[in-house]
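> I would like to see how this sequence folds:
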Amino acid sequence: MGRLLLNCDIGESYGAWTMGLDAEVMPFIDCANIACGFHAGDPSVMRKTVSLALAHDVMIGAHPAYPDLVGFGRRSMACSAAELEDLLHYQIGALDGICRAQGSRVRYVKPHGAMYNDMMAKPEQLRTVIQAIARYDPQLPLMLLSTRDNSAAQALGAEFGVQLWFETFADRAYDGAGHLVSRQLPGAVHHDPETIIAQALTLARGESLVASDGSDLLLTTDTLCVHGDNASSVAAVQRIRHALGEQPAP
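Residues are numbered from 1 along each chain as shown. The predicted structure follows:
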């Protein structure tokens, strides 16, 4: 079993408002998806989070979103292709500038919230996102949801020369197509630590999950998303690392 990259949405504090346990979770992740100021984060938070990531040798990714601080980027917005590309370039560039001032750079892109869900549901929006990344820097990989059939996304990545990192979740239920079950439905989110650990190991081994319709679901997993917004989540991240044989038991 090869090393599985753990990624975490991070740097989501804003002004006097603090969210997440960034300092506690950072030592256990490989990739930090840093908010770029549109759904969360601000210039000072971005600078501090970049510094924290560099101190722990964690890869820095841009985590752009729709301009929706009130809704935490979880509400869809009707954007033209040009507007969406502008939003991506603005946010990637902002974080990249802060990284460069500290001798580093953005290493990949993972859209947030509604922007992420919309690009997975709308092929033309995914095309726009991949094209925007290619125009900014074709060396930046795009992190996106792994589904039962990734062929359409892979074709777009090949068309624009953008590498794709397929992401899975240890704490979410999947439907038969490999999409995440809506949070509004019962059982969509796993809360039992043992269930989360077991799903993480299943994904890391390249084995099939059982989808909500009872079918076997095999997902390509380049990176596993973990959550670090409370103490129990941080403990779960530590336990996943231990279960993968990469950290001592917490």
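> how about the nearest residue to the residue positioned nearest the centre of the chain, chain neighbours excluded?
Among the residues of the chain, the smallest C-alpha distance to the mean C-alpha position (C-alpha atoms, centre = their mean) belongs to residue 110, namely 5.2 Å. On the basis of C-beta to C-beta, 6 or more residues apart in numbering, the spatially nearest residue to residue 110 that is not a chain neighbour turns out to be residue 143, at 3.8 Å. From N, CA and C alone the C-beta is placed, and that goes for glycine too.
> The one you found - that's part of a helix, no?
No. The assignment for residue 143 by DSSP: H, G, I helix; E, B strand; the rest coil gives strand, which leaves it out of any helix.
> ok, it - contacts?
Residues in contact with residue 143 (C-beta atoms under 8 Å, 6 or more residues apart in numbering) are 7, 31, 33, 61, 108-110, 164-165, 167, 223.
> Could you do residue 118 as well?
Applying C-beta under 8 Å, 6+ apart, we find residue 118 in contact with 76, 125.
> Kindly confirm my reading that it is in a strand.
No. With three-state DSSP as the criterion, residue 118 is helix rather than part of a strand.
> Residue ranges in this protein under the pLDDT threshold?
1-2, 230, 247-250 (pLDDT under 70).
> For the residue nearest to residue 110, which residues count as its bridge partners?
Applying DSSP bridges to residue 143 yields these beta-bridge partners: residue 165.
> Helix or strand: which one has residue 168?
Element membership for residue 168 (DSSP states H and E) is strand 164-169.
> returning to what we had before: quick check, the residue nearest to the centre of the chain in contact with residue 65.
No. Distance between residue 110 and residue 65: 10.3 Å, which falls outside the contact criterion (C-beta atoms under 8 Å).
> what's next to the longest helix along the chain, contact-wise?
The helix that spans the most residues within the chain, counting by DSSP state H, is helix 81-101. Taking contacts as C-beta under 8 Å, 6+ apart, the residues outside helix 81-101 that touch it are 34, 36-38, 43, 46-47, 50, 60, 62, 64-67, 79, 105-106, 109, 111, 115, 124-125, 128-129, 131-133, 135-136, 140.
> Of those, which belong to helices?
Among the contacts of helix 81-101, DSSP H puts 43, 46-47, 50, 115, 124-125, 128-129, 131-133, 135-136 in helices.
> and the two most separated of these?
Spanning the widest gap among the ones in helices among the contacts of helix 81-101 are 47 and 124, at 35.0 Å by C-beta to C-beta.
> Between the two, which has more neighbouring residues?
Under the criterion of other C-beta atoms under 10 Å, the comparison of residue 47 against residue 124 puts residue 47 first, with 16 against 9.
> got the residue ranges for the strands in the chain?
Applying DSSP state E to the chain gives strands spanning 5-10, 31-35, 59-63, 108-109, 142-145, 164-169, 209-210, 216-217, 223-226.
> ok, now which residue in the chain is the farthest from the centroid?
residue 214 (26.3 Å).
> what residues are up against that one?
By C-beta under 8 Å, 6+ apart, residue 214 has no neighbours at all.
> Mind checking which of the contacts of helix 81-101 are buried?
Among the contacts of helix 81-101, the ones that count as buried by 16 or more other C-beta atoms under 10 Å are 34, 36-38, 46-47, 50, 60, 62, 64-66, 79, 106, 109, 111, 115, 125, 128-129, 131-133, 136, 140.
> From the structure, what's the count of residues near the nearest residue to residue 49 once chain neighbours are set aside?
Nearest-residue entry for residue 49: residue 11, 3.5 Å, with adjacent residues in sequence omitted and distances by C-beta to C-beta, 6+ apart. Residues near residue 11, counting by other C-beta under 10 Å, number 29.
> pretty sure residue 11 contacts residue 35?
Yes. Between residue 11 and residue 35 there is a contact at 4.8 Å, judged by C-beta under 8 Å.
> got any residues that touch both of those two?
A shared contact of residue 11 and residue 35, defined by C-beta under 8 Å, 6+ apart, is any residue touching both; here these are 41, 45-46, 63.
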